[in-house]
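Novice: Following is a predicted model, sequence given first.
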Amino acid sequence: MSDLDPEQLREALTSAKQIEAALRERLREQDLVLSGIEALQGEDDPAVLQQRAFDLLSRSLLFHLALVLEPDGEDFVCTAATDPAAVGARWRGGGFFNRVAHSGRAAVTPDNRRVPEWKDCQGLSPLPGGGIYAPILAATGPGLLVLCSHTPGAYGAKDGALVSRLSLVVSQTLAAAQRRRLSEAARAADIARQAAVEASEAKSRFLANMSHEIRTPLNGVTAVADLLAMTELAPRQHEMAQLIAQSGRMLERLLNDVLDFAKIEAGYLEIEREPFQLDEAVAAMIDLFAARADAKGLAFTSKISPGAKGLFEGDSLRVRQILANLLSNAVKFTEAGEVRLEVMADDEDDATQVTLRVSDTGCGFTPERGARLFNRFEQGDDSITRQYGGAGLGLTISRSLAALMGGTITWRSTPGQGSTFEATVRVRRLQGTEALVEKTPAPDQEVGLRVLVVEDNPNNRRIVGMVLELIEAEVTFAENGQEGLDAFAPGRFDIILMDLQMPVLDGLSATREIRARERVSQAPPVPIIALSANAMTHHVAEALAAGATAHVAKPIVPERLIQTMIGLAPGDQEPPALSMAI
C-alpha cells in the first residue's frame, strides 16, 4: 500500500467533514419535521396547532412575519399569521402565487416588493426584505406558507428547501384544524338537529293539548246550539241558535287550519288513499257555496266534465278542503257578479290529473299582491285583511295539500275585474262508477240502541246524553275507563262511545281491555266509537290501532254522530229524520 499524499489526505478529510455536516443538517431537519409531527399528536385546537407550527418554523430560521395563505375563489387570503393584524389580508390570485402553490417546491425572493401580487394586496404592506414562498395543501386547495424578513436577500436556496420540507407539517396542521372545525360543525349541527326535534315534539304536544282543551268547551257551544235549533223556537231565537252554531263551526275551521299548518310545517300531514266519488265530493261543496253566493246575491254556476265522474282513489277530504278554500275566497271577495266552478279530469299514463278552476268577478289583485297570497298569515294586503277577516292560512295550506297530492295552485287576476284560481291534484281512476255508499231512507222512527258512554267531563256527558235522547237510546254513563270496564259485559251494549283522555284509565287502554275480554269469551266485537277532542291524525290512528271501530272528533255534530252510530250498530237500524238547522 503506497503512502497517501498529504494534500490528498487534507482533501479527503475536508470532504468527510462536509458529508458529516450535511448529514448532521439533514438529521436536524428530520428531527424538526418529526418533532413537529409529534407536536400535532393529542391536540385538536386549531389555534394551538397553528402556533406550534409557527414555533417549529422559528426553530429552523429567523423571520419577522409568517403567513398562511389559503385560496378563496381566485384570490388568496391570510387565515393565520404570527401577527394577528395580518389575518384577513387578501391578495389577487396571480401568476407567481399560483405557480408556487402548484409547483411542489419553495421559491426564494431577495425582496418581497418585487412580487407582483403584493402591489394589489389589501390589508398588508410587503416587508422590505427577503421572502420564502412554500406550497402547502390547505382545506380549500393549494395555498402558500410565506416567511418574510426585514433583511433583503436574507434567504437562500438551502433555506427554501428546508421550508419546503417543513411545509408538510403546516399542511398537516391545517388538515387537523379543518378536521376540528368539521367536527365542531357536525357537533353543532347535531345539537341543533336535536333541539329542532325536541322543539317540534314540544310544539306537537302543545298543539295536541291545545286542540283538546279548545275542542272540549267548543263541543258545549256547537253541539248545544245544534240541539237548541232542533227545538221549538221563535224565529228570532232560531236565528240566534243558528248564529251560535255557525260561529262555533268557524272557530273549529280556524282551529283545524292552524293544526293543519303546523302538521304541514312539521312534515306530519299524510295523504289518505281511499276510494271516493269525485263528482259527489264536489257536489257537496257546490251545494254549500251556492247557498252562500245566493245569500250575497251572486250567481253561482258549476260544470263537471264527464271525465270527472266516477270512482277514484285519493284523499277526498283534502280535495274538498282545497275546493272549499278556493270557493270561500271567491264568494268572500266578490260583491257583485258571479262565481264559476269547473271540474275536469284528464287521464294520464299512471294517474288522473283533476283540475279545480274557480273564477269570480270580485275585487281582483295586482301581480305584486298575488305573489304574497300564498305566504302564511297574509291576504294580499292589510286593508283586505281588515275588511274581510281571516287568518290568511287557507291558500298556504291548500297549496301544500295540492303539492302533497302531486299538483299545484296557479292564479291570474285583474284588479277590479276578478280572479281565477286553478288547483290540480293527481288521483287514480278506479274501475266502476257505482256509488260507494248506498243511501238509506231516513224514516221517522225510534232506534232504541243500548249505548255505553265513557266520558269524564260532566258537560260532555250531558251533551252526548241530549244527542242520544233524539233517538231514545238506552244510555249507561261511566266517568272513566275503569268504570267503563266495570260496566261492560259481552252482549250488554250495542255500541260504546269512548273518550280517550280520562283519569284512572284512559280510553285507549280501556278499548284494548274490552277487545281482550271479547277474544277470551269469543264474543262478537261491540262497535266502539272514539269520541274525543284528540282529533289529530296520529290520535285517530292510535284509536283505531287500539281497537276502536271509528273516530268522531269533538265538537260533536249530532247528525254526524247519529249517522256513524247507525252505520255501525248491529241489525237493520235506520237513521231517524232529524230536524237540523246548522
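Specialist: Received the coordinates, thanks.

Novice: where do the strands sit along the stretch 401-550 of the chain?
Specialist: 408-414, 418-429, 450-454, 474-478, 495-498, 528-532, 550-553 (DSSP state E, counting those that start in this stretch).

Novice: Distance of H150 relative to L62?
Specialist: In this view, H150 and L62 are 10 Å apart by C-beta to C-beta, to the nearest Å. C-beta coordinates here come from the backbone N, C-alpha and C atoms, glycine included.

Novice: ok so, going back, the strands of the stretch 401-550 of the chain into JSON lines, with extra columns for mean pLDDT and mean neighbour count?
Specialist: What follows is the strands of the stretch 401-550 of the chain, written out as JSON lines (pLDDT from 0 to 100; neighbours: other C-beta atoms under 10 Å):
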{"stretch": "strand 408-414", "mean pLDDT": "92", "mean neighbour count": "16"}
{"stretch": "strand 418-429", "mean pLDDT": "94", "mean neighbour count": "20"}
{"stretch": "strand 450-454", "mean pLDDT": "95", "mean neighbour count": "23"}
{"stretch": "strand 474-478", "mean pLDDT": "95", "mean neighbour count": "18"}
{"stretch": "strand 495-498", "mean pLDDT": "96", "mean neighbour count": "27"}
{"stretch": "strand 528-532", "mean pLDDT": "91", "mean neighbour count": "26"}
{"stretch": "strand 550-553", "mean pLDDT": "89", "mean neighbour count": "20"}
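
Novice: Between those strands, which one is closest to R273.
Specialist: The minimum distance between R273 and those falls on strand 418-429, with 8.0 Å, by C-beta to C-beta.

Novice: can you give me how far that closest one is from the chain middle?
Specialist: Distance, stretch centre to chain centre, for strand 418-429: 24 Å (C-alpha atoms, centre = their mean, to the nearest Å).

Novice: quick one on the thing from earlier: among the strands of the stretch 401-550 of the chain, which comes closest to A543?
Specialist: Using C-beta to C-beta as the criterion, the shortest distance between A543 and those is 3.8 Å, found for strand 528-532.

Novice: Give me the sheet partners of the closest one and which way each runs.
Specialist: Paired with strand 528-532 in the same sheet, following DSSP bridges, are strand 495-498 (parallel), strand 550-553 (parallel).

Novice: For the strands of the stretch 401-550 of the chain, could you give me JSON lines that also reports distance to Q522?
Specialist: Shown next, in JSON lines, are those (distance: least, C-beta to C-beta, whole Å):
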{"stretch": "strand 408-414", "distance to Q522": "53"}
{"stretch": "strand 418-429", "distance to Q522": "40"}
{"stretch": "strand 450-454", "distance to Q522": "20"}
{"stretch": "strand 474-478", "distance to Q522": "23"}
{"stretch": "strand 495-498", "distance to Q522": "19"}
{"stretch": "strand 528-532", "distance to Q522": "18"}
{"stretch": "strand 550-553", "distance to Q522": "23"}
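
Novice: Looking at those strands, spot the one closest to D360.
Specialist: Of all the strands of the stretch 401-550 of the chain, strand 418-429 comes closest under C-beta to C-beta, at 5.0 Å.

Novice: could you check the angle strand 408-414 makes with the closest one?
Specialist: Angle between the axes of strand 418-429 and strand 408-414 is 160 degrees (criterion: axes from the mean of the first three to the mean of the last three C-alpha atoms, to 10 degrees).

Novice: Quick one: list the elements packing against strand 418-429.
Specialist: With contacts taken as 3 or more C-beta pairs under 8 Å, 6 or more residues apart in numbering; DSSP states H and E, strand 418-429 sits against strand 311-314, helix 316-332, strand 352-360, helix 394-404, strand 408-414.

Novice: Now the first one: average pLDDT?
Specialist: Okay, so that is strand 311-314. Regarding strand 311-314, the rounded mean pLDDT is 92.

Novice: cool, and the third one?
Specialist: For strand 352-360, mean pLDDT rounds to 95.

Novice: between that strand and helix 394-404, how many degrees?
Specialist: Strand 352-360 runs at 160 degrees relative to helix 394-404, counting by the same axes, to 10 degrees.

Novice: List the neighbouring strands of strand 352-360 plus their orientation.
Specialist: Paired with strand 352-360 in the same sheet, following DSSP bridges, are strand 338-347 (antiparallel), strand 418-429 (antiparallel).

Novice: among the strands of the stretch 401-550 of the chain, which is nearest K296?
Specialist: strand 418-429 (14.8 Å).

Novice: That closest one versus helix 316-332: what angle between them?
Specialist: Using the same axes, to 10 degrees, strand 418-429 lies at 170 degrees relative to helix 316-332.

Novice: Format the CA atom coordinates belonging to strand 418-429 as CSV.
Specialist: Extracted C-alpha coordinates of strand 418-429, given in CSV (Å, rounded to 0.1, in the frame of the first residue of the first chain):
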residue,chain,number,x,y,z
GLY,A,418,-111.9,39.3,-10.9
SER,A,419,-109.6,36.4,-10.4
THR,A,420,-109.2,32.7,-11.4
PHE,A,421,-107.5,30.1,-9.3
GLU,A,422,-106.7,26.7,-10.7
ALA,A,423,-105.8,23.8,-8.4
THR,A,424,-104.5,20.5,-9.7
VAL,A,425,-104.2,17.2,-7.9
ARG,A,426,-103.3,13.7,-9.0
VAL,A,427,-105.5,10.7,-8.2
ARG,A,428,-106.0,7.2,-9.6
ARG,A,429,-109.1,6.3,-11.5
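
Novice: Without its sequence neighbours, what residue ends up closest to G93?
Specialist: E74 (4.4 Å; C-beta to C-beta, 6 or more residues apart in numbering).

Novice: Among the helices and strands packed on strand 418-429, which comes closest to V170?
Specialist: V170 sits nearest to helix 394-404 of all the helices and strands packed on strand 418-429, at 51.0 Å, using C-beta to C-beta.

Novice: tell me which residues in that closest one are buried?
Specialist: Buried positions in helix 394-404, judged by neighbour count with 16 or more other C-beta atoms under 10 Å: 394-402.
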